[in-house]
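Asker: Attaching a predicted model along with its sequence, questions to come.
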Amino acid sequence: MGSNAIAGYGGSVSGFTEVRRWSLDKSVKVLDCTSMGSAGLREVKAGIFQWEGTFDCLAVPSQTTGSTVVGTLSTGSATGTAAVTYTGSMLINQITPDCPYDDIVIWKVSFTGNGALS
């Protein structure tokens, strides 16, 4: 059970400005419950639901290294195609500056969902 929302049209992440792109992955951990009585067929059940993603922005709360926000919780919402909006709390787990030779610096941010995604 997975779903991707790519090429968002709007949204915000608390503490970040000028978001340019975002992506979101929703998934579920698959639990194998196959037993010897399963007649050689695999049996599975849904485990914990999870969500994670990335976004690119032009500015982060600490322009020096971005390390001040790694490991902190943030809230955000993003609107994708067909006006579907996703909202939730997230743990910022990585920030990477992308510094091309002749273009603007883009901050690539990775996050893991904390609790429900609505």
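Answerer: It's in.
Asker: and Gly40, how many residues sit next to it?
Answerer: 6 (other C-beta atoms under 10 Å). Every residue, glycine included, has its C-beta placed from N, CA and C.
Asker: Spell out the secondary structure type for it.
Answerer: coil (DSSP: H, G, I helix; E, B strand; the rest coil).
Asker: I'd like to know how far it sits from Lys29.
Answerer: 24 Å (C-beta to C-beta, to the nearest Å).
Asker: ok, now Ser35?
Answerer: For Ser35, the distance to Lys29 equals 19 Å [C-beta to C-beta].
Asker: Tell me the buried residues in stretch 44-64?
Answerer: 51-53, 55-57, 60 (16 or more other C-beta atoms under 10 Å).
Asker: I misspoke; the intended subject was stretch 20-32.
Answerer: Neighbour-count burial for stretch 20-32 flags 22-24, 26 (criterion: 16+ other C-beta under 10 Å).
Asker: can you tell me the average pLDDT over that stretch?
Answerer: Stretch 20-32 comes out with an average pLDDT of 91.
Asker: list the contacts for Met106?
Answerer: Slight slip there: residue 106 is Ile, not Met. 20, 56-58, 97-98 (C-beta atoms under 8 Å, 6 or more residues apart in numbering).
Asker: For those, could you give me a markdown table that also reports distance to Ile104 and secondary structure?
Answerer: Shown next, in a markdown table, are the contacts of Ile106 (distance: C-beta to C-beta, whole Å; DSSP: H, G, I helix; E, B strand; the rest coil):
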| residue | distance to Ile104 | secondary structure |
| --- | --- | --- |
| Arg20 | 10 | strand |
| Asp56 | 11 | strand |
| Cys57 | 11 | strand |
| Leu58 | 7 | strand |
| Pro97 | 11 | strand |
| Asp98 | 9 | strand |
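Asker: which one of those is nearest Ser110?
Answerer: Proximity to Ser110 was ranked across the contacts of Ile106 by C-beta to C-beta; first place goes to Asp56, at 10.7 Å.
Asker: tell me the contacts of Ser110?
Answerer: With the criterion set at C-beta under 8 Å, 6+ apart, Ser110 makes contact with 52-54, 92-95.
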